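[1] Sequence and computational prediction follow.
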Amino acid sequence: MSTRIVEIRQNILNKNDLLARRLRDGFTAAGVFTVNLVSSPGTGKTAFLQRTLKELLERGTRVAALVGDLETDNDARRLAASGAPVRQINTHGRCHLEAEMIESHLAGWDVADYDFLFIENVGNLVCPSSYDLGESLRVVMLSVTEGEDKPL
């Protein structure tokens, strides 16, 4: 009996990438700069974003945030205390956000009302690195104790 190897070369993220491109075009047309924050759990994403939102609001900058989490809304509640509009995205066990999640949670928001849209991704450095969310900038936060073997 012989073995046959069949190679399939298809980008499994193609659907996500097409939607991310459409989101990016929409953000650009609306004049909103979108930042995707990625890190391991406990690195300080939420604390950093909480302070950033507060300071930008105090300067009159129009900001909003989407917060990804496996199950809880703890981080979203912390960020909402800044006074910025915040929406929670529960992934129900998925280790990353996808462009479709971003699109569905923006329903009813006019992104042109904001100068910056921050996306706090799920606390994980492996999965989110592959998923384009239409962001203008992806920021990877590391803590010194995490090691240098994390994918950037």
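    That came through fine.

[2] Could you list the low-pLDDT ranges of this protein?
    1, 6-12, 127-129, 145-152 (pLDDT under 70).

[3] hey, where'd the strands end up in this structure?
    Taking DSSP state E to define them, one finds strands in the chain at 33-39, 63-69, 86-90, 116-120, 137-141.

[4] I'd like those strands laid out as TSV, including mean neighbour count and distance to A80.
    Yep, even glycine has a C-beta here, placed from its N, CA and C like the rest. Shown next, in TSV, are those (neighbours: other Cβ atoms under 10 Å; distance: least, Cβ to Cβ, whole Å):
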stretch	mean neighbour count	distance to A80
strand 33-39	23	16
strand 63-69	25	9
strand 86-90	19	4
strand 116-120	25	12
strand 137-141	15	21
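
[5] could those strands go into a markdown table alongside distance to T3?
    Shown next, in a markdown table, are the strands of the chain (distance: least, Cβ to Cβ, whole Å):
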| stretch | distance to T3 |
| --- | --- |
| strand 33-39 | 40 |
| strand 63-69 | 42 |
| strand 86-90 | 43 |
| strand 116-120 | 44 |
| strand 137-141 | 41 |
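
[6] For A107, which of the ones you listed is the nearest?
    For A107, the closest of the strands of the chain is strand 86-90, at 9.5 Å, according to Cβ to Cβ.

[7] who's in contact with the closest one?
    Outside strand 86-90, the residues that touch it by Cβ atoms under 8 Å, 6 or more residues apart in numbering are 64-73, 76, 79-80, 97, 101-102, 105-106, 109.

[8] how about a cut-off of 6 Å?
    A65, L66, V67, G68, D73, A76, L79, A80, M101, H105 (Cβ atoms under 6 Å, 6 or more residues apart in numbering).

[9] need the contact list for the residue nearest to F48 when sequence neighbours are not counted.
    Closest residue to F48 apart from its sequence neighbours, by Cβ to Cβ, 6 or more residues apart in numbering: M141 at 6.8 Å. Residues in contact with M141 (Cβ under 6 Å, 6+ apart) are S39, T43, K45.

[10] hmm, 10 Å instead?
    Contacts for M141 (Cβ atoms under 10 Å, 6 or more residues apart in numbering) come out as L37, V38, S39, S40, T43, G44, K45, F48, L49, L125.

[11] Closest one to P85 out of the residues you listed, please.
    Nearest to P85 among these, with distances taken as Cβ to Cβ, is L49, at 13.3 Å.
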